[in-house]
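Colleague: this is the structure alone, sequence omitted:
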């Protein structure tokens, strides 16, 4: 099948990949646009894995303040060079990640950040939900599936990206890694919500005061 300039342009608009990469992907997929997107994503993932061991010490602190100014996020996203950090693509990514954190309330960046005792607790809960009499191999499979769903709730990288739920946040980041040619990673974030936790702290304080008074 002939690969036309219009096909290359369309694929580039969908993926932001280079013109030559788009043409090669379309040629490899026989002109199938969806298959070509898969080819580019696989190549982007491979490229990102090669860059994973590099040091990313540049970057920026991004922020997002939700309408009404009662919810806000600060997030540090790192890359390798100040040149990349100042690019529109990188800054747009940081803004999107901050907005995602505001919307989806992750607790950790990656699975590795979840405390071991928390994972153990979730495993116990998941195992306890499996009907009795199941073979151990089936139990293990069910538990791992439930744990995967837990990671999607609490880990930023595992969450479906809020602006495109067909990809995870990690895949969204990987797509830019392939484009700019540098390692990119979210280092840390904090999410603020007005009044969050105050009622609990007030209750705890009152209890402390009563205890101190001997009541």
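Modeller: Sure thing, it's come through. Keep in mind that this is a model prediction, so the values were computed, not measured.
Colleague: is it true that residue 114 touches residue 153?
Modeller: No - if you go by C-beta atoms under 8 Å, residue 114 and residue 153 don't touch, sitting 10.9 Å apart. All C-beta spots, glycine's among them, are computed from the backbone N, C-alpha and C.
Colleague: how about the strands in the chain?
Modeller: Assigned strands in the chain, in chain order: 58-65, 71-79, 160-161, 164-168, 185-193 (criterion: DSSP state E).
Colleague: for the fourth one, give the mean pLDDT please.
Modeller: Predicted confidence along strand 164-168 averages 93 (mean pLDDT).
Colleague: list the buried residues of it.
Modeller: For strand 164-168, burial by neighbour count (16 or more other C-beta atoms under 10 Å) applies to residue 168.
Colleague: before we move on, what about the last one?
Modeller: Residues of strand 185-193 classed as buried under the neighbour-count rule (16+ other C-beta under 10 Å) are 185, 186, 189, 191.
Colleague: and those residues, which two are the farthest apart?
Modeller: Farthest pair in those (C-beta to C-beta) is 185 and 191. Separation: 18.4 Å.
Colleague: how about the helices in the protein?
Modeller: Counting by DSSP state H, the chain has these helices, from start to end: 5-15, 19-28, 33-51, 82-85, 88-104, 116-128, 136-154, 169-180, 198-212.
Colleague: show me the contacts for residue 22.
Modeller: Under the criterion of C-beta atoms under 8 Å, 6 or more residues apart in numbering, the contact partners of residue 22 comprise 8, 11, 12, 15, 36, 40.
Colleague: just put the buried residues of strand 185-193 in TSV and tack on distance to residue 130.
Modeller: Output for the buried residues of strand 185-193, formatted as TSV (distance: C-beta to C-beta, whole Å):
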residue	distance to residue 130
185	36
186	34
189	34
191	33
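Colleague: closest to residue 125 out of the residues you listed?
Modeller: Of the buried residues of strand 185-193, the one sitting nearest to residue 125 (C-beta to C-beta) turns out to be residue 191, at 24.7 Å.
Colleague: which non-adjacent residue is nearest the closest one?
Modeller: The shortest distance from residue 191 to any non-neighbouring residue, by C-beta to C-beta, 6 or more residues apart in numbering, is to residue 73 (5.1 Å).
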